[in-house]
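>>> kindly return the folded structure for what I paste below:
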Amino acid sequence: MKRRIVVAVTGASGSIYGVRILEELKAAEDVETHLVVSKAAYLNLSTELDVTRSKIESLADVAYSDKDIGAAIASGSFKTDAMIVAPCSMRTLAGVATGLAGSLITRAADVALKERRRLVLLTREAPLNLVHLRNMVTVTEMGGIVFPPVPAFYLGLDSLDAVVDQTVARVLDLVGIETSLLKRWGGLS
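I've put the predicted structure just below:
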């Protein structure tokens, strides 16, 4: 049986993370992806990457409208293995932290938390204010993983693509997906 991974893309800058995650998951034969993209994310995908709605949806096995609260992923009885929100806006983080499941993205994240499934949020904002930090603590206390996409400079990555791929690989590692992108630290020689 294929592992089901929910991928959500929100309106924060950094839509490349969502796209690259979907591309890597599409290449994995044992993964079924369920995609939700917010309205603001479609604007960022177009602005940052010139990616259309049909292009990003073609990277997933199933795509839902963020307004579709009746979607399969809105119920805990629909088995999924993990959910990744990449990038995760502060608005989405706040919705998850406070249990305001007013969109399919926040409802699916709520389901992941209540069912004790892996939830990884690639939060994107800087600088952070106190509410952002408290929301990150709350989500962490609930079992979610807050993963700001911070570059690993010590690995000597030589391009922006390599930095993005390293982050994508680390996130996929957290949800149990092996990828050849990951450059693991081997210690100092």
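
>>> going forward, measure contacts between C-alpha atoms and count neighbours the same way
Will do.

>>> in the chain, which spans are helices?
Along the chain, counting by DSSP state H, helices occupy 15-27, 39-44, 53-58, 90-98, 104-114, 130-141, 160-174.

>>> which helices and strands sit right next to the longest one?
The reference is to helix 160-174. The helices and strands touching helix 160-174, judged by 3 or more C-alpha pairs under 8 Å, 6 or more residues apart in numbering; DSSP states H and E, are helix 15-27.

>>> repeat that for 6 Å
Counting contacts by 3 or more C-alpha pairs under 6 Å, 6 or more residues apart in numbering; DSSP states H and E, there are no secondary-structure elements packed against helix 160-174.

>>> tell me the buried residues in that helix?
Applying a neighbour-count criterion of 16 or more other C-alpha atoms under 10 Å, the buried positions in helix 160-174 are 162-172, 174.

>>> what does it rub up against?
When contacts are defined by C-alpha atoms under 6 Å, 6 or more residues apart in numbering, helix 160-174 is touched by residues 21, 151, 181-182.

>>> contacts only, for the residue positioned nearest the centre of the chain.
In the chain, the residue lying closest to the centroid (C-alpha atoms, centre = their mean) is Val85, at 2.4 Å. For Val85, the set of contacting residues under the criterion of C-alpha under 6 Å, 6+ apart consists of 7-9, 121.

>>> now list the buried members of those.
Members of the contacts of Val85 that pass the buried threshold by neighbour count (16+ other C-alpha under 10 Å) are listed as 7-9, 121.

>>> and those, which is closest to Val51?
Val9 (12.6 Å; C-alpha to C-alpha).

>>> these two touch, right, the closest one and Val37?
Yes. Counting by C-alpha atoms under 6 Å, Val9 does reach Val37; the two are 4.8 Å apart.

>>> return the member of the contacts of helix 160-174 nearest to Leu104.
The nearest member of the contacts of helix 160-174 to Leu104, counting by C-alpha to C-alpha, is Ile21 at 19.3 Å.

>>> for burial, what's the neighbour tally of the closest one?
Neighbourhood size, Ile21 [other C-alpha atoms under 10 Å]: 21.

>>> which one is it nearest to, not counting chain neighbours?
Once its chain neighbours are removed from consideration, Ile21 has its nearest residue in Val168; the separation is 5.9 Å (C-alpha to C-alpha, 6 or more residues apart in numbering).

>>> what of Met83?
Setting aside the residues directly before and after it, Met83 is nearest to Val6 in space (C-alpha to C-alpha, 6+ apart), at 4.5 Å.

>>> next one: Glu23
For Glu23, the closest residue by C-alpha to C-alpha, 6+ apart turns out to be Leu59, at 6.3 Å.

>>> give me the neighbour count for that neighbour.
Residues within reach of Leu59, counting by other C-alpha under 10 Å, total 21.

>>> so how far is Leu128 from it?
Applying C-alpha to C-alpha, to the nearest Å, one obtains 32 Å for the distance of Leu59 from Leu128.
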